[in-house]
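Visitor: Task: produce atomic coordinates for the following.
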Amino acid sequence: TTGGNGGGIYFDGAGSLDATNVHLHSNHASRGGGLYANGTGSGLAIRLHRGTDIFSNIADHTGGGIRVQGNTRLFMLEGGRVSNNTVPSNDSDGAGGGIQIVGPAQADIGSSEISFNSARYGGGIAVNSRDSDSGRLRFFTTLSGQLVRIENNRAAATGGGLFVDANRSITDSSWSFACGFGYSISGNAATNGAAIYLDTDSYFGFPIGAVADLSSSIVTTASLACGPEPAVALGALSCPAGQTCNRINGNRAEYTNGSASDGSTIVVQTKAELVAEQVELRGNAGAHVWLGFETWWDTPESCTNCLIVDNQVTGDLVRMEEGATLELKNSTIAGNAIGGWNVLSLTGDLVLNESLLWQLGKTSLAQSGGRQRSIRNVLASETGSLGSAATIEAIYPEFLDPTHGDYHLAPTSHAIDYAAATGGADLEGFDRTIDLPTPNRSGGGPLDLGAYERQSFSTFPFDQNFDQVAAPALPAGWSANGWSTFTGAVATTPNAAYTDDSPTVTDKSLETPPVQIVRKGRLRFLHLMDLEDVPGSGLAEDGVLLKIAIAAGPFTDIFQAGGSFSSGGYDHAIPSFAPGNNPLKGSAVWSGDTQGRYKEVIVNLPASADGKYVRLRWRMGTDNSNSRFHFGYLLDDIHIDVDGSNL
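Guide: Numbering: from 1, shown residues only. Just a heads-up that it's a prediction; the model follows:
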């Protein structure tokens with residue numbers, strides 16, 4: 001009945017509930033349309049395992065799909081789905097279209113989908129405190145390549161994707177917490193806070209707020225906000241290098257009839273707090289991308305290694321009111337359609353370091369109230385509002401392809417190797433201390449400005465013939481063990497890469513810098529060899545094979561990784577029973593004698609490399625015998641089509 005709780009499942013007490021391959025749908029209740037759980041005593045654990053789908057449920061008041069409260073922990077770590085659940089938009093409570101978490105309950109959600117749900121507050125997920133008990137939500141990647149997806153949800157009022165509320169009474173107060181890493185909060189809509197709305201409540205002028213920590217620290221750290229255990233203990237995975245794993249994209253501030261509202265993408269209310277790291281905010285629409293108010297004890301709202309691009313706003317892009325302090329570090333702001341006069345508008349303090357603000361025709365900063373500012377190492381289209389420090393320059397950063405949304409730095413960018421580096425990673429998880437072979441800016445260091453750290457000067461598409469260096473040196477960005485450049489028997493003059501066929505046991509490798517593959521990547525190269533084999537048998541004692549590492553994954557043989565040869569594939573095998581202790585025993589390889597001629601190899605790169613950075617490794621293995629002199633292996637004229645869609 002509409003007066004009861006838990007339309008599909010009701011659990012009030014202590015113990016556990018495990019569901020695997022369960023579809024819980026088309027139920028109706030007052031609260032918790034699909035599932036209602038209230039843990040008491042020693043607590044209740046709800047574990048929704050693989051194949052569990054909670055959809056098309058209705059709650060008249062809160063928790064369209066799921067409501068958890070009391071001493072309850074919800075674990076959803078194996079890719080489940082909560083979708084198409086509803087709480088009526090006109091209900092005065094109306095929280096949590098997909099999931100509602102009421103303190104002291106906590107939910108841990110890994111690689112699952114929360115989509116197409118609707119409510120008044122928190123179309124996807126609502127986190128609420130009760131009396132002195134804080135509600136807690138943590139979401140992160142647990143399945144490789146599968147982000148948590150809080151997508152296409154709708155809130156009639158606030159918090160299209162995520163709504164986090166707090167509570168204060170005469171005697172009690174509590175924060176609510178949401179922590180995430182490895183997520184997509186995209187395509188959501190609400191009148192205000194289209195993606196995220198952090199709310200506050202107050203009593204007698206003592207406000208208390210919500211906290212959102214959207215950063216990499218939640219994977220390995222246990223804290224008040226994100227505990228009790230580190231997320232890695234629940235199977236959380238760090239983001240692979242070469243990927244953007246935190247996305248707040250394509251959210252819309254609009255009324256339920258679809259017309260644009262004056263709301264913003266992210267709203268941080270008075271005494272609430274937001275900490276963001278390695279976050280992409282792209283293609284959102286509203287009055288502001290980020291609207292913030294006074295925080296608790298003047299704690300700054302912060303965004304580090306953030307990319308804020310291609311958004312469309314009717315007001316200032318980022319606006320802080322009530323004296324709120326803003327920190328922007330190692331971030332890129334560009335390509336946004338801004339209806340207001342300013343990129344940043346503040347009534348509080350500002351820290352703006354190692355960043356790019358390129359918005360032609362707009363004032364970079366409007367700061368009132370005589371507040372403090374700390375600005376250094378910034379390239380901006382307008383600098384007069386920022387100050388006159390030597391490291392504030394009106395020089396175009398030279399983005400790689402902004403027309404198509406690529407805001408990586410071009411090899412000739414003035415923003416490369418601009419400032420001192422202290423470690424850490426960029427938006428895509430790459431090392432921030434890469435010092436490229438170019439003079440650093442005077443007084444600077446290896447750190448690039450903005451959200452991305454360029455890892456090499458390799459061109460895109462990627463070509464390498466080893467001819468721009470003096471032998472035996474290798475090109476910048478390449479790494480090697482037992483390889484060098486060589487001036488004899490080359491395919492293109494003057495150099496080729498070379499390693500000898502040693503009469504002793506060796507394991508030698510030559511590795512490319514990272515190369516970004518768009519889609520349908522293809523590798524072509526030429527090689528010449530004279531390596532020890534067993535003539536006429538297809539067996540080899542020494543040989544070379546090709547490996548690939550995708551994103552931050554391990555190196556794997558190209559064939560085992562899902563690649564294929566269009567031509568020139570492996571022609572020998574080193575048997576597992578072969579004497580001589582070759583480290584490549586049991587592997588297919590190239591070997592034998594090409595009679596002084598270069599042969600072409602064409603490799604279709606794995607589909608799993610699409611959209612990611614890859615590294616390639618040529619690996620030579622030799623055993624401890626050599627019946628006659630063998631020259632070795634030469635590699636030349638390498639080309640990678642990073643987008644082979646039209647081949």
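Visitor: So, low pLDDT: which residues of the stretch 501-647 of the chain?
Guide: In the prediction, the stretch 501-647 of the chain carries residues with pLDDT under 70 at positions 626-628, 645-647.
Visitor: As a check, name the ranges of all strands in it.
Guide: Ranges of strands within the stretch 501-647 of the chain are 506-511, 515-516, 522-530, 533-534, 539-540, 543-550, 556-557, 564-567, 572-573, 588-589, 599-604, 613-622, 632-641, based on DSSP state E, counting those that start in this stretch.
Visitor: Can I get those in JSON lines including distance to residue 388 and mean neighbour count?
Guide: (C-beta placed from N, C-alpha, C; glycine too.) As requested, the strands of the stretch 501-647 of the chain are exported to JSON lines (distance: least, C-beta to C-beta, whole Å; neighbours: other C-beta atoms under 10 Å):
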{"stretch": "strand 506-511", "distance to residue 388": "45", "mean neighbour count": "19"}
{"stretch": "strand 515-516", "distance to residue 388": "37", "mean neighbour count": "24"}
{"stretch": "strand 522-530", "distance to residue 388": "49", "mean neighbour count": "22"}
{"stretch": "strand 533-534", "distance to residue 388": "69", "mean neighbour count": "20"}
{"stretch": "strand 539-540", "distance to residue 388": "67", "mean neighbour count": "22"}
{"stretch": "strand 543-550", "distance to residue 388": "46", "mean neighbour count": "24"}
{"stretch": "strand 556-557", "distance to residue 388": "53", "mean neighbour count": "17"}
{"stretch": "strand 564-567", "distance to residue 388": "58", "mean neighbour count": "13"}
{"stretch": "strand 572-573", "distance to residue 388": "66", "mean neighbour count": "22"}
{"stretch": "strand 588-589", "distance to residue 388": "62", "mean neighbour count": "21"}
{"stretch": "strand 599-604", "distance to residue 388": "53", "mean neighbour count": "17"}
{"stretch": "strand 613-622", "distance to residue 388": "38", "mean neighbour count": "24"}
{"stretch": "strand 632-641", "distance to residue 388": "45", "mean neighbour count": "22"}
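Visitor: how many neighbours does the nearest residue to residue 336 once chain neighbours are set aside have?
Guide: Leaving aside its chain neighbours, residue 336 sits nearest to residue 311 (4.7 Å; criterion: C-beta to C-beta, 6 or more residues apart in numbering). Residues near residue 311, counting by other C-beta atoms under 10 Å, number 25.
Visitor: can you pull the contacts of residue 311?
Guide: 265, 281-285, 289, 317, 336-337 (C-beta atoms under 8 Å, 6 or more residues apart in numbering).
Visitor: again, 10 Å this time
Guide: The contact partners of residue 311, taken as C-beta atoms under 10 Å, 6 or more residues apart in numbering, are 248-251, 265, 281-286, 288-290, 317, 333, 335-338.
Visitor: ok, now residue 106?
Guide: Neighbour list for residue 106: 68, 71-75, 127, 134-138, 177, 226-228 [criterion: C-beta under 10 Å, 6+ apart].
Visitor: For it, give its distance to residue 416.
Guide: Going from residue 106 to residue 416 by C-beta to C-beta, to the nearest Å gives 43 Å.
Visitor: and if you look at residue 615?
Guide: From residue 615 across to residue 416, the span is 20 Å (C-beta to C-beta).
Visitor: what's across from residue 192 in the sheet?
Guide: Beta bridges link residue 192 to residue 158 when assigned by DSSP bridges.
Visitor: wouldn't it be in contact with residue 160 here?
Guide: Yes. With contacts counted by C-beta atoms under 10 Å, residue 192 reaches residue 160, the gap being 9.0 Å.
Visitor: Could you report the neighbour count for residue 453?
Guide: 28.
Visitor: contacting residues for the closest residue to it other than its chain neighbours?
Guide: Leaving aside its sequence neighbours, residue 453 sits nearest to residue 426 (C-beta to C-beta, 6+ apart; 4.2 Å). Applying C-beta under 10 Å, 6+ apart to residue 426 gives the contacts 241, 278, 305, 307, 330, 408, 432, 434, 447-448, 450-455.
Visitor: ditto for residue 312
Guide: Taking C-beta under 10 Å, 6+ apart as the contact definition, residue 312 lies against 252, 260, 283-286, 289, 336-339.
Visitor: For the residues you listed, which single residue is the most surrounded?
Guide: Highest neighbour count within the contacts of residue 312: residue 286, with 31 neighbours (other C-beta under 10 Å).
Visitor: Tell me what it is bridged to.
Guide: Counting by DSSP bridges, residue 286 forms beta bridges with residue 313.
Visitor: quick one: low-confidence parts of the stretch 201-350 of the chain?
Guide: Scanning the stretch 201-350 of the chain for pLDDT under 70 picks out the ranges 201-225, 295-298.
Visitor: quick one: the helices in it?
Guide: For the stretch 201-350 of the chain, the helices defined by DSSP state H, counting those that start in this stretch cover 217-220.
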